[in-house]
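# Pasting a predicted model and its sequence here:
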Amino acid sequence: MQNAQECIWILDFGSQYTQLIARRLRELQVYCEIHPYTKLPENRKGLKGIILSGSPHSVREADPPRPQLEGLKGQYPVLGICYGAQYLAHYYGGTVGRSEHREYGRAELQILDKDCPLFKGISLNTQVWMSHGDSILKLPETYQVSACTADIPVAAYWVRGEPTYGIQFHPEVYHSTEGKTMLFNFVFSVCGCTGQWTPDAFIESTVAGLRETIGKEKVILGLSGGVDSSVAALLLHRAIGKQLTGIFVDNGLLRKDEFEQVLQSYRHMGLQVQGVNASATFYKALEGITDPEQKRKAIGRVFIEVFDAEAQKLSDARWLAQGTIYPDVIESVSVKGP
């Protein structure tokens, strides 16, 4: 989190919908960060609220996902979605049990408590999307039911005396027709976000953060000619200029004249890039290999060797950078920890 930017944390329990929650918040121009429930940031500067995602797990398992919410619940607004709602009920004195009827699909939500801030401007009967096998059977003493469906008596609740809310359904899914309004109510009315985050603001904060972190030191960046590494190069260039050196390796597998065209494009952007024609080295490593997986491994190994040899020539560089698309970052982190 950079420059005390207001932020919503989304704690991920392995839900298939976690990315959708983040997307809905971005559409509301609210900055958010997805974190595995096992690894919460120590820096809470700018934190405005927390959303607990759904999960394929059950709170009734022997060892269910259990976040450490000490110092967070009751101090910051919290919204539990599906598993998140069950967790907040179960571990604070309530009861969660197996549903008599597994709910999956559309359901009609009946608002019981119009004073609940989540349901401001929401129809008294509205369509929501359910996907759960457990249900909340009993709420803790200070929890209050705010909505139900024909099949489950506790479809939503809020906690007296603190900004904590739970909903059994998924407001982030398109089929919850007023779900985005509920998320709007949480991040703006409950959390107090201003909704000023934009892609331009992201660029500004990212550049400022890079400049602050790197200082006057030099950076080496591996370039592939693709979008991910090129965007990383432009952000770094905007932040530190000539302190950045890119290395673009020709593995001999690019399209005709692509190496020269991409190299020229990089230089036209003002980037300082070293082009390395290593086609012969890659061809030699691939001789006699027919298995696709073995080819992939050979190409990866040779790329590392060529890149490392070229990087060694830049002995005064302190940082190594790479451009990684966001889904790869998410998929590289286990919600259960390392």
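Looks like it arrived, so ask away.
# drop to CA atoms for contacts and neighbour counts, all remaining ones
Fine.
# quick check: domain ranges of the protein?
7-190, 199-331 (automatic domain parsing).
# what sits against the residue located most distally from the centre of the chain?
No residue in the chain sits farther from the centre than residue 288, which is 41.8 Å out by CA atoms, centre = their mean. Contact analysis of residue 288 by CA atoms under 8 Å, 6 or more residues apart in numbering lists nothing.
# Please tell me the pLDDT value assigned to it.
In the predicted model, residue 288 carries a pLDDT score of 95.
# does it count as helix, strand or coil?
Look at residue 288: counting by DSSP: H, G, I helix; E, B strand; the rest coil, its state is coil.
# most tightly surrounded among the domains of the chain?
domain 7-190 (a mean of 19; mean count of other CA atoms under 10 Å).
# Could you give the average pLDDT over that one?
Rounded mean pLDDT across domain 7-190 is 92.
# Kindly report the same for stretch 294-308.
Mean predicted confidence for stretch 294-308 is 95.
# again, but for stretch 247-261
94.
# roughly how far is the longest helix that the chain contains from the heart of the chain?
Taking DSSP state H as the criterion, the chain has its longest helix at helix 292-311. The chain centre lies 30 Å from the centre of helix 292-311; the measure is CA atoms, centre = their mean, to the nearest Å.
# Please apply the same query to stretch 266-278.
32 Å.
# From residue 27, how far out is residue 198?
9 Å (CA to CA, to the nearest Å).
# Show me the contact partners of the biggest strand by length in the chain.
Looking across the chain with DSSP state E, the single longest strand is strand 95-111. Strand 95-111 has contacts (CA under 8 Å, 6+ apart) with 59-60, 86, 89-90, 119, 123-139, 146-151, 155, 175-176.
# Take those residues and keep only those in helices.
Going by DSSP H, the helices hold 86, 89, 90 from the contacts of strand 95-111.
# how about CSV for those, with distance to residue 77 added?
Formatted as CSV, the ones in helices among the contacts of strand 95-111 follow (distance: CA to CA, whole Å):
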residue, distance to residue 77
86, 17
89, 15
90, 18
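# Between the residues you listed, which sits nearest residue 40?
Comparing the ones in helices among the contacts of strand 95-111 against residue 40 with CA to CA places residue 86 closest, at 20.0 Å.
# Show me what the longest helix of the chain is packed up against.
Applying 3 or more CA pairs under 8 Å, 6 or more residues apart in numbering; DSSP states H and E, one finds that helix 292-311 contacts strand 244-250, helix 279-286.
# Figure out which of these is closest to residue 222.
strand 244-250 (5.1 Å).
# Can you show me the CA trace of that closest one as PDB?
Provided in PDB are the C-alpha atoms of strand 244-250 (Å, rounded to 0.1, in the frame of the first residue of the first chain):
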ATOM      1  CA  LEU A 244      16.900   1.200 -15.900                       C
ATOM      2  CA  THR A 245      18.500  -1.200 -18.400                       C
ATOM      3  CA  GLY A 246      16.300  -3.800 -20.200                       C
ATOM      4  CA  ILE A 247      17.600  -7.000 -21.700                       C
ATOM      5  CA  PHE A 248      15.700  -8.400 -24.700                       C
ATOM      6  CA  VAL A 249      16.800 -11.900 -25.700                       C
ATOM      7  CA  ASP A 250      16.100 -13.300 -29.200                       C
END
